[in-house]
Structures are given as C-alpha cells and as structure tokens.
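1. With the input below, show me the fold.
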Amino acid sequence: MKRILSGGLLVFALAWAQGVGLEPVATGLDKPLYLTQEPGGPLLVLEQRGRVLALAGAKKTLWLDVRKKVSCCGERGLLGLAFHPGYAQNRRFFLNYTDRRGRTVIEEYRAGRPYRVLLTIDQPYANHNGGHLAFGPDGYLYIGTGDGGSGGDPQGHAQNPGSLLGKMLRIDVDRGDPYAVPEDNPFVANPRYRPEIWALGLRNPWRYSFDRETGDLFIADVGQNKWEEVDYVPAPMSTSGGWNFGWNIMEGNHCFKPAKNCKRAGLVPPILEYGHDQGCSITGGYVYRGRAIPELVGAYIYGDYCSGKVWAARWTGDRWQSELLLQTKLRISSFGEDAAGEVYLVDHGGGAVYRLVPAR
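-> Below you'll find the predicted structure:
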C-alpha cells in the first residue's frame, strides 16, 4: 500500500478503492448541483438553472421550477434546498438561490408555493456565493455564505463582524418575522457583530453537513490558489459557535495575508487540507451512515471538483486521516444523502448522479 503525504493530507492510496464503486442513478441532467431526498418522498436533484427534478428509477419529473427567478451560471444559480424538520406536517422547505440582480436570496416555500423571503444579501462580485442550506440537530437553519467574491477577499468581508458574507449564519425560522436569532448565538450580546453570525472566516463554504449520528458539523471551504480545507465543529452547536476559521488571514494552515508571520491567535485550523497538486476546488460530503458499505460507516466522504478524487476521512484518536477512495473523471459538484444514509455523487459536467455502492 502506497503512502503519500501531501499538504497535511495523509493518503493511503487505494486502501478502500477496491471495495467501493459508483452505480448510475440518473443521467441527462442540466448542470446538476445538489441531491437530497424529500422526507417520505423521492430523491430530488437541483439543476443550476433553477429546476428541481424528482427521480424515480430512470424517470425524471419536474418537482419545482424557479428558473424565472434565478441568475445562472458560473457560481450563480439555484444552489441549495433544505426541508424543515417538521416537513411531514408543515410542508415547509427553503431555497438558496442567486436572483436576477445577483443577490443571494433565502426563500421559504410552503406546500410547494413561495411563502416569504427570509433574507436577501447583496453580492459585490459574481463568484463565491456559498449557497448551501442545512438544518442542524438543534432545529435551526444554517446558511453558509461566501466572502463576496473576486479573489483574496478584497473587501474584507470574512473577518468583518458587520457583514453577513464569509460566515456561517444560524437563524430560527419558527419564530419572528421573517425569522428570529437564537438566544444562544455567540454574538447576540456584541453590538459589533450581526447577531445571525454563528461562525466567521470562511472563503466559500461549498457544502457542509451534520453527522446524523453525532451531530458534528463538517464544512468544506474552497481555497484560493494553494490549499483546500475541511473545518470541523463538534456537537452541540449551542456551545460551539463563535469560531473563526481564519480566512483571509489564513488559507488552510498557511498564512495568506500577510504571506508570512500572520497572527494566528484565536483562529481555528482545519482538520484536513490538501494542496493543488491533488485538486483545486473542494466539495464537501457526508459522514457515511448507510448499510450498503459497512467499511465506510463513520467516515467523512468528500471530493474535489477539478480532479474528480473522492476521499474518506476518519478520526484515529490523535488526528484526522484521509484515504483516497476513488479516482474519477467526474466534475463533483456535490454529494447527497438519502433517508437511509446512503451517499450519492453529483457530476456537474456529465449531468449525472451516482450512488456509492460496494464494488462488484
């Protein structure tokens, strides 16, 4: 077994690759960006231009169409969807998309119809829109925002406590109009900070997820020119907020601005990083809790959009260790998770969805 140490990413090449394969689930999609499952319903795929399609075998049916609202493409588009924890009773779900004016919009739907806009955030540039949404085990909605774009965070949003950009936001969609700020958000008593801010110092969080068993949070943050990273927040979220993940002072574990002798005090380093010899744009995934591949249970699955590599990471007792799981030729825009904990891979370039399965 070949051992490679690259940018702090310990890779045991092909350790699991012989035991994992990809099974096609859907093809013929238009720029797919995300997969999830409607509670009690079908798998859903988000297309960047603004359609949500339901999958049933080889059949695809239109579940929602917001193309008239959405600005596409590049890093803009329909970027995220999250179902309310009580969806079975209240039929509430939430979208994150770029509107026709280039702004980030968080919108609530009820019974398939638009109900209200929760939040609109101006975007100074066309890239780094973030875009993901996820409900935490605490029932609050987590909104990951990019730093506003261009390169290097020229307007300093990620470290600016008065800006919602470059942050992880945490809001209560069950109180307030249109929402309330949880009382245990870390900066509610600090007038310098927007109270919605739960964590800061992010460049462009491209997919994050909560481990369905432990409640731990994993955030994949896309790097600038050299380093991609995974940030980690242990449960419970009520006592873990307020962390600063370092951008644009740091890129991964390395000084960015300034390039040397930067001030690291108070910054939380990533648990994993890899250099641009391994890829160029990280895509976050899920801790595997399915049954199809027992060897993967408890491993965090993530990949890279540019290189098509898929890794699995575990805590070994004193550090996080990653293993190369698959080498593909896919443009991995997202991973997805179904109700059973099985994990899917979304291929943006090829317009397809695959399921991780035992190799045959």
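2. can you pull out the helices in this protein?
-> Using DSSP state H, the helices of the chain run over 87-90.
3. nearest residue to the residue nearest to the spatial centre of it other than its sequence neighbours?
-> Averaging the C-alpha coordinates of the chain gives a centre point, and the residue nearest to it by CA atoms, centre = their mean is Arg207 (0.9 Å). Counting by CB to CB, 6 or more residues apart in numbering, Gly284 is the residue found nearest to Arg207 once chain neighbours are left out, at 3.5 Å. No exception for glycine: its C-beta is placed from N, CA and C like everyone else's.
4. ditto for Trp320
-> Spatially, and ignoring its direct neighbours in sequence, Trp320 is nearest to Ile271 (4.5 Å; CB to CB, 6+ apart).
5. Which residues are in contact with the residue nearest to the centre of the chain?
-> Contacts here follow CB atoms under 8 Å, 6 or more residues apart in numbering; on that basis Arg207 touches 132, 220, 283-285, 334-335.
6. Could you tell me what pLDDT the model assigned to Gly8?
-> Confidence per residue is given as pLDDT, and for Gly8 that number is 37.
7. returning to what we had before: how many residues are close by the residue nearest to Trp320?
-> Ile271 is flanked by 19 other residues according to other CB atoms under 10 Å.
8. heads up, I number from 319, so please use that
-> Let's use 319 as the start, then, which means that last one is Ile589.
9. okay, and the helix or strand of this protein with the least pLDDT?
-> For the chain, using mean pLDDT, DSSP states H and E, the weakest element among its helices and strands is strand 321-324, scoring a mean of 32.
10. Point out where the stretch 319-468 of the chain drops to low pLDDT.
-> Low-confidence segments of the stretch 319-468 of the chain (pLDDT under 70): 319-336.
11. what about the strands in the stretch 419-568 of the chain?
-> 422-428, 431-439, 451-453, 459-462, 485-489, 515-518, 523-528, 535-539, 545-551, 568-569 (DSSP state E, counting those that start in this stretch).
12. Turn those strands into JSON lines, including distance to Asp665.
-> JSON lines is the format used below for the strands of the stretch 419-568 of the chain (distance: least, CB to CB, whole Å):
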{"stretch": "strand 422-428", "distance to Asp665": "25"}
{"stretch": "strand 431-439", "distance to Asp665": "29"}
{"stretch": "strand 451-453", "distance to Asp665": "22"}
{"stretch": "strand 459-462", "distance to Asp665": "22"}
{"stretch": "strand 485-489", "distance to Asp665": "27"}
{"stretch": "strand 515-518", "distance to Asp665": "30"}
{"stretch": "strand 523-528", "distance to Asp665": "15"}
{"stretch": "strand 535-539", "distance to Asp665": "17"}
{"stretch": "strand 545-551", "distance to Asp665": "19"}
{"stretch": "strand 568-569", "distance to Asp665": "27"}
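13. Gln407 is nearest to which of those strands?
-> Of all the strands of the stretch 419-568 of the chain, strand 422-428 sits nearest to Gln407, with 11.6 Å by CB to CB.
14. what comes up buried for that closest one?
-> Taking 16 or more other CB atoms under 10 Å as the basis for neighbour counts, the residues of strand 422-428 that come out buried are 422-427.
15. do stretch 356-375 as well
-> Of the residues in stretch 356-375, those buried under the neighbour-count criterion (16+ other CB under 10 Å) are 356, 360-373.
16. Can you tell me which of the residues you listed is nearest Pro513?
-> Using CB to CB, Leu364 comes nearest to Pro513 of the buried residues of stretch 356-375, at 29.2 Å.
17. Lovely, talk soon.
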